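> Turn this into a structure:
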Amino acid sequence: MGERKGWAEKRAEVMQRPGAGAAYEAARIRFELGTAVRERREQLGLTQAELAERAGLKQPAVARLEAGGTMPTIPMLERIAEALEVRLSVEFHPLRDAS
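Next up, the predicted model:
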């Protein structure tokens, strides 16, 4: 039986597959968006249901967004931003500078 691979080695192996980098980047963006929404919602003392009502959404949609399970559209992000009392800012960064 072969030796078990560590996480770093396994991740590097998976990232070599075609399309893996793009899928990983999309997952990272979804996770970061969800985290930002949840943190701001909690700062305002809102429940998911209250945020959903403010944004014209259903509570399960907010839950999916916060969990990183969906990639929201720009119009949806604008509604969420308004409901969270923040300004939406979308930026482009050169790939060599992106983290």
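> where does the closest residue to G69 other than its chain neighbours land in three-state SS?
Nearest-residue entry for G69: R30, 7.2 Å, with adjacent residues in sequence omitted and distances by Cβ to Cβ, 6 or more residues apart in numbering. Any C-beta I mention is one placed from the backbone N, CA and C, and that applies to glycine too. Look at R30: counting by DSSP: H, G, I helix; E, B strand; the rest coil, its state is helix.
> Could you list the low-pLDDT ranges of this protein?
1-2, 7, 10, 97-99 (pLDDT under 70).
> can you give me the helices in it?
7-15, 20-43, 48-55, 59-66, 74-83 (DSSP state H).
> how near is the residue nearest the centre of the chain to G6?
For the chain, the residue sitting closest to the mean C-alpha position, by Cα atoms, centre = their mean, is R30 at 2.1 Å. As judged by Cβ to Cβ, to the nearest Å, R30 and G6 stand 26 Å apart.
> give the contact list for T70.
By Cβ atoms under 8 Å, 6 or more residues apart in numbering, the contact set of T70 is R30, A61, R64.
> ok, 10 Å please
By Cβ atoms under 10 Å, 6 or more residues apart in numbering, the contact list for T70 reads R30, L33, G34, A61, A63, R64, M76.
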